[in-house]
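In: From the sequence below, what's the structure:
(2 chains)
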Amino acid sequence: MVNIKINGKDVKANEDMTILEVARANNIEIPTLCHLEGIHEMGACRICVVEVKGAKSLQASCIAPVRDGMEIFTHSKRVRERRKVLYELILSDHPKDCLNCGRNLSCELQALGDIVQADEARFKGDLSSDTVDLSSESIVRDSAKCILCRRCVTMCNEVQQVKILNAQDRGFATQVSPGNELKMGTSTCVNCGQCTTVCPTNALHEKDAIETVWDALSDPNKKVVVQTAPAVRVAIGEEFGYPAGTIVTGKMAQALRDLGFDYVFDTNFAADLTIIEEGYELLSRLVGFMKSAGKITDKEIEKLGFKDKVREPVLPMITSCSPGWIKYIEHYYNNQLEHLSSCKSPHMMLGALVKSYFAEKEKIDPKELYVVSIMPCTAKKYEVTRDEMINDGVRNVDAVLTTRELAVMCKQAGIDLKKLEDGKFDTPLGLSSGAADIFGATGGVMEAALRTVYELITGRELPFENLHVEPIKGLEQIKTAAITLTDLKDEWKFFEGVEVKVAVTSGLAGAGKLLDEIKNGTSPYHFIEVMACPGGCITGGGQPRSEDRDVRTKRMNAIYAEDEGKTLRKSHENKDLQKLYKDYLGEPLGHLSHELLHTEYVRRNKY
Amino acid sequence: MSKKVNKAIKDLADLTSIKEKFAQIDETYEYRLLVCYGASCISSNCKSIHTKLTEELEKYNLADKVKIKLTGCIGTCAVGPTLTVEPDGVFYCNLEPQDIETIVKEHLIGKKVVEDLCYVDANTGKRIVHIKDIDYFSAQEKVVMKNCGRIDYASLDEYIANDGYYALQNVLSSLNPEDVVSEVEKSGLRGRGGGGFPTGFKWKLAAKNQSDNKYVICNADEGDPGAFMDRCLIEGDAYLVIEGMTIAGYAIGAYLGIVYVRAEYPIAIERLQAAINEARKRKLLGENIFGSGFSFDIEIRIGAGAFVCGEETALMASIEGKRGEPRQKPPFPSDKGLYDKPTIINNVETFGNIASIFLKGASWFNNIGTAKSKGTKVFALAGDVNNTGIVEVPMGTTLGEIIFDIGGGIPNGKKFKVAQTGGPSGGCLTPEHLNTPVDYDSLVELGAIMGSGGLICMDEDTCMVDVARYFMEFVQEESCGKCVACRLGTKRMLDILERITKGEGEEGDVEKLIELGETIKDTALCGLGQTAPNPVLSTIKYFREEYDEHIRKKRCRAGVCADLFISPCENACPASVNVPGYIALIAEGRVEEAYKLIRQENPFPSVCGRVCTHPCEYSCRRAQLDEPIAIVDLKRYAADEVMKRNEPIKELIYPSNGKSVGIVGAGPSGLTCAYYLGKLGYDVYVYESQPVAGGMLAVGIPEYRLPKEVLEKEIHTISQIGINILTDTKVGDDVAFEELLEKHDAVYTATGTQISRRIGIEGEDMDGVYHGIDFLRDVNLDKVDKVSGKVAIIGGGSTAIDAARTSLRLGADEVHILYRRTIEDMPADKREVRDALEEGIKIHTLVAPLEFTGKKKVDTIKCVRMELNGFDRSGRKKPIIKESSEFDFNVDMVIPAISQEVDLPFVGGKEVKMTSWGTVDVDMDSMMTTRKGVFAGGDDVRGADVVITAIADGKKAAESIDKYLGGKGILNKGEKIDIPVAKDDEDIVEHERFEMKYLSPEERCNNCKEVAQGFHRLNAYAEAMRCLRCDRR
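Out: Predicted coordinates:
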């Protein structure tokens, strides 16, 4: 503990704290701009400078550690004057076209003006490069808006370790961009969009699909179908003034209907479907493994009904729901693609079903159907354009809106979520289990899969309290669990005593570590869940930007609450899903599944 | 050659044996030839000298008698390639391969020094044979650069023979690490990279931190423009740096040293790597050095040359493979440095001091330098200084000693204006700082910093706003771009500076620069940013008036900011004559138009073609090729040609506007004012106390320089436009000043300096003491026509020279000039001084009078000799009395001519304010005095000054008077004259300056004939065609 003085007040602090942390702990707010607590401590913007008695120059409080006996002044005349000049300097290289800007009223640079009160534009001169990079399907980079806070650089390099966005050049020419004069769309950017969630201005944002969707909605020749991802319902409320972690599933469904969508489906239905397909795929790989180890006979396989389904024994199998993750592995670990599950991501599956099963059922020409996915994700915008995501000449999904974009559309249409009654999803693609809900949080897919697979081979419920696999819950980078298979159903006896090891990671830094283990032959796992965004889809690149420092936990808890609130909590118990198999798909991993629900991957360049 | 046996060096005995053996072999050679192989000499092709030398030695079979050593930089980069012949100590420089044969034949074989190839002192022009006699070398004290220029840079044996590795051996065998740190602390050594942080303390911090691994980093990322000390040291004495780093490694407990050097230094990298390899081979790096159990190795990391990587945290980031950007300190490198391990980072030069400290002791080191700055400092002298190169001096040496005694002063007779230390982080030092002892603290006090040792000298042709812009552009481009203060702050400062230098500056810009500068200093993340505004703030501090001039008057006095003027010569002319214009017209034979073009700005072409002090020629860019254009002579040519025709000059004069202006004094300023006002239609009356018009031109300048006839003609062409000149009319006596004010709507006074300034010594009123101005006036007015005996003139200005030469012409037997400074310091025109010497006038320099004595009239001047010590505010060496050097100088007549003063009794009183200098206080923009409607200019305002400024003031006063009386202030300069378009460069005449004809000393010294006879027509055309036409864009 050290004793320091802030603005004349004696306070105690830990010696590893920064001045900013101590000030905030004592309810003294120091304005910051580039700072992102615990993630990005850069000291680049200098807005948080404070005066320290005896120090020659002002100190950036976000990175300056406290020292015993320090006397700090957070808003002395000197501090205010310097801060104002610094703010004016930032503005001097900013377009200041706030009213035409996508971040008007949600811009941190703009908000800072309220505190600094710069009342004139005294510094004029050249402006930085104003290129707008539209090359990516997911992310737009508008360099004129960039204030070089470098948060995106930290997200891209340290959190995600994709290492695309970096400071290039020097001096005034410095800009953040992919290196080697690459563009976002031609670089190895994985479209995770984490950069867009931390950008304080409009320098990085998702590629807007709002007008495209409005056009579809107003096209009389189109039946517009919408589906919503599990993580959207726990976040979109924030855009309408709900506290973080509020679940607004019903209101969201109603809002979509009010916007004019013809069918409101739930991606969660496809999440359940994914569990079935992916669960069977895991089993088929495990069976393949046992077969190659000579521990299972062809007869036993036939008995299982796996005759045509035995897969190459490539383990661990890794989930494939997260398109940012998919692009990451395609670039950086492109020798390990066979570890990926062949399942499409849930919304692609749903899209494929809408344009086949549903179209057939409702007797609509698939070409007249227009599928819009509301996603917490920016990578999905890219995913829908992939060549693999076409069946019978039509795209599985036509447009993707992020949670943030849906909020904008609602506001454009005068819809205030708070004022809506709860609505419902349409059937048959609207019913889902709690297992599908938890897809939105890291560890959720794994838990959902285990609920189904475990029961499938043991005939018993997953032996965890409340069905939650505690070790793989939470926000740590890599979580692991092991479950020993005992007392199995007869036909699965050959697995008796096997300890199934799983790992879960969110954020690509962790994924890299797990893949390195696989590459080195040291990976002990059978099944790995990877989500590109830290925390999973709840904090996806398309989610509302939040100032709430606990937002991830709150959204995660909401997801688990949604799950627990349901009676239907296992994917394989979804009646509509069972009906789908019965009426249409036949069986998991069957021919039609293969065609509609599974995909393949592309080896991409590393640079 | 015998095969080298590179045995491992294990102990003191090994060192001693190498040392003795080396000395033995060295002594067997009759001559040792030291060829400087520093990078600068390599670029001036010293390799060809070496090759030639080898060939010649072979040819004459001298290879066994003469040894060639390729050395590190000897320092005199300006005169490379160089060759020092030892043991004779003879220094040859500026060598060409063909000189080598001569040296070998004459010196090595013939034992006769080849004087023509020896060093030339830039100031005296004399050849100096021995290295010990060259001020540049003798005034230095070499600790760090001791081996550079002296020993073979590549030879470890020779390094050892010069006490190399004795320090390390001693440290490892008899000191523990704590002792090493405390010895460095005791020495008082401070970081030579610029910050001056105590080295011992830095080592102590790192030494006390426990860690499995620590690092020693040598910062060789030398990036200041013009600085190359570190490069020279690594190239010339890499072992010294290696030894220093090894001692540091031992002191803090590190096993690895890293030299971070920029890729632009390939020679340094190559030689350092070779030295590291050799040291490893001989077990001076690696495991168990000197059997002590201590192991240490050194690696080189090559940086891409980003300036910011000189900042230690950025440097470490760069070594770690990250973008070279600084980070927050604390943590300091001594706690968390490279790869988060305790690290010390010292500059190359700092390590260069270590071995000497242990060889000679901390107290020896402590005795060099000043109280708080110990040891020596190596500087890279660059810019406008004669001896550019590397110098090493004790801390506390004055700036003047470095620049003038060692540096040899400023080239081309220009004035010293400013020295810039610390590069883009530093500040400037002005002539008033020449006596400042250079050390860390005194420089900081002056707003500069020591920096790593770049010392850029700049002469009077330097624009300080442009200097600030240059450094700001440099830091802006080198800013890492991380923090707002540096990235955007420096950019906005640069934007403002660029605007100012383009003539787009606005009122308030300087205040903005200061505010931005202070903000950046206070808020930037790293040292680069925090010091980036220094050059701007420092130039504002010392040269604020230049900023204001650029902003308010759109004028760049140094003639650098090209958007603000036509050409440097036009810019230098106080009257803004379009020099390249009239020179181009002369070159085309359009002489009359040339004359008219001159007269648009200056109604005195004939006069100025003879007596102008021609600041234009000092600014002439042709001087950089050979000699400046003879601008004055060409002006005279144009005027003479037109005058010869005797045709009336037709001028367009505006009709009378009914307003009247009175002008006091018919000198150049008064008549100029009258001329321009007359042409605007004013009714002008000029009151002149003397019987003739012309003022000082008529009564102050001797006939042999400005014939009366020429002056009369010139005044006639002015007055013929309709000006009334009333001679023999003294304002105050013949007409009251108040009466003028009643009669005229405005009054301009330009009476000039009429009174000789008194020296203020005993006997000044004796008979035989004739003050300069009075003397010249009386001669010009024919009141004096004879002088006899021995005449002494006191002073060094143009009045002194005029009085001396006039005395000679009037019959003096001997004429002597006594001057208290040196000839180089004389303010008089150099040509006049030369002419005076040619005519047999004796100049006694460093002499000052104490008293005039004599019985009836003066017969003796009691004198004292002076010596130069320190520097005065003008940057000239200060003369002080030399103790007990009094002597008597016998004379028949004394003419004190030290300066003149204004005499304005008639304007005295409350309404027209005077300055403490005794001049009239005016608003320099309008030339108006504190009394409404009364204007003043020329010497009345400036004190004794030159003709062209008097003319410029007269013109400016005419503009303001017109404005004051309701006009627009736009003068009637006549029709626009088309100026020939500049031709191709091939048409520029490649010939040195064409001289006018002059009378020989014999032809001129006993009469008053005009000495300069003017140009021949063809010479005038050819001279005009030498003009580079700087006016073209």
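In: going forward, measure contacts and count neighbours with C-alpha atoms only.
Out: OK.
In: Could you pick out the residues of the stretch 101-250 of chain A near chain B for me?
Out: Where the stretch 101-250 of chain A comes near chain B, counting by CA under 8 Å from any CA of the partner chain, the residues are A:123, A:124, A:125, A:126, A:148, A:170, A:171, A:172, A:173, A:174.
In: let's go with 10 Å and repeat that
Out: A:122-126, A:147-150, A:166-175 (CA under 10 Å from any CA of the partner chain).
In: what's the weakest-modelled helix or strand in the chain?
Out: Let's take chain A. Across the helices and strands of chain A, mean pLDDT, DSSP states H and E gives its lowest value to helix A:298-304, namely a mean of 87.
In: if you could check chain B rather than the one you did, that'd help
Out: Across the helices and strands of chain B, mean pLDDT, DSSP H and E gives its lowest value to strand B:900-902, namely a mean of 79.
In: Packing partners of that one?
Out: strand B:753-756, helix B:939-942 (3 or more CA pairs under 10 Å, 6 or more residues apart in numbering or on different chains; DSSP states H and E).
In: which one is residue A:295 nearest to, not counting chain neighbours?
Out: In space, and not counting its chain neighbours, residue A:295 is closest to residue A:494: 7.2 Å by CA to CA, 6 or more residues apart in numbering or on different chains.
In: and residue A:521, what does it touch?
Out: residue A:515 (CA atoms under 10 Å, 6 or more residues apart in numbering or on different chains).
In: mind listing what the residue nearest to residue A:269 when sequence neighbours are not counted touches?
Out: In space, and not counting its chain neighbours, residue A:269 is closest to residue A:432: 4.7 Å by CA to CA, 6+ apart. Contact partners of residue A:432, counting by CA under 10 Å, 6+ apart, are A:266-273, A:566, A:568-571, A:573-577.
In: any chance you could read off phi and psi for the residue nearest the centre of chain A?
Out: Centroid check for chain A by CA atoms, centre = their mean gives residue A:540 as the closest residue, at 2.3 Å. Here is the backbone geometry of residue A:540 (degrees, to the nearest 10): phi -70, psi 170.
In: longest helix anywhere in the chain?
Out: Answering for chain A, as no chain was given. Among the elements of chain A assigned as helix by DSSP state H, the one spanning the most residues is helix A:267-292.
In: Correction: the question concerned chain B.
Out: Chain B, longest helix under DSSP H: helix B:229-252.
In: after it comes which helix or strand?
Out: Next along the chain after helix B:229-252, taking DSSP states H and E as the criterion, comes strand B:256-262.
In: which helices and strands sit right next to that next one?
Out: Applying 3+ CA pairs under 10 Å, 6+ apart, we find strand B:256-262 packed against strand B:215-220, helix B:229-252, helix B:266-281, strand B:297-303, helix B:312-319, strand B:343-347, helix B:348-360.
In: make it 8 Å
Out: Applying 3 or more CA pairs under 8 Å, 6 or more residues apart in numbering or on different chains; DSSP states H and E, one finds that strand B:256-262 contacts strand B:215-220, helix B:229-252, strand B:297-303.
In: Please compute how far that strand lies from its chain's middle.
Out: In this view, strand B:256-262 has its centroid 36 Å away from the chain centroid, taken as CA atoms, centre = their mean, to the nearest Å.
In: and what of stretch A:348-357?
Out: Worked out by CA atoms, centre = their mean, stretch A:348-357 lies 22 Å from the chain centre.
In: For it, which residues meet the burial criterion?
Out: Across stretch A:348-357, burial judged by 16 or more other CA atoms under 10 Å in any protein chain shown covers A:348, A:349, A:350, A:351, A:352, A:353, A:354, A:355, A:356, A:357.
In: go on, stretch B:293-308?
Out: B:294-298, B:300-303, B:305-308.
In: Lowest pLDDT pick from these?
Out: Lowest pLDDT of these: residue B:305, 82.
In: ok, now which ones touch that residue?
Out: Neighbouring residues of residue B:305 by CA atoms under 8 Å, 6 or more residues apart in numbering or on different chains: B:221, B:223, B:262, B:263, B:264.
In: Residue A:142 now?
Out: A:130, A:131, A:132, A:133, A:202, A:203, A:204.
In: Residue B:152 too?
Out: By CA under 8 Å, 6+ apart, the residues touching residue B:152 are B:69, B:70, B:71, B:72, B:158.
In: The third one: neighbour count?
Out: The one in question is residue B:71. Residues contacting residue B:71 under the criterion other CA atoms under 10 Å in any protein chain shown number 25.
In: The residue nearest to residue B:690 when sequence neighbours are not counted: neighbour count?
Out: Nearest non-adjacent residue to residue B:690, counting by CA to CA, 6+ apart: residue B:728, 5.0 Å away. When neighbours are counted by other CA under 10 Å, residue B:728 registers 14.
In: Over to residue B:721?
Out: 19.
In: Residue in the stretch 251-400 of chain A with the shortest distance to chain B?
Out: Checking the stretch 251-400 of chain A residue by residue against chain B with CA to the nearest CA singles out residue A:332 as nearest, at 20.2 Å.
In: Identify the residues contacting the residue lying closest to that residue once chain neighbours are set aside.
Out: Once flanking residues are discounted, residue A:332 sits nearest to residue A:606: 5.4 Å by CA to CA, 6+ apart. Residues near residue A:606 by CA under 8 Å, 6+ apart: A:188, A:331, A:332.
In: Thank you, goodbye.
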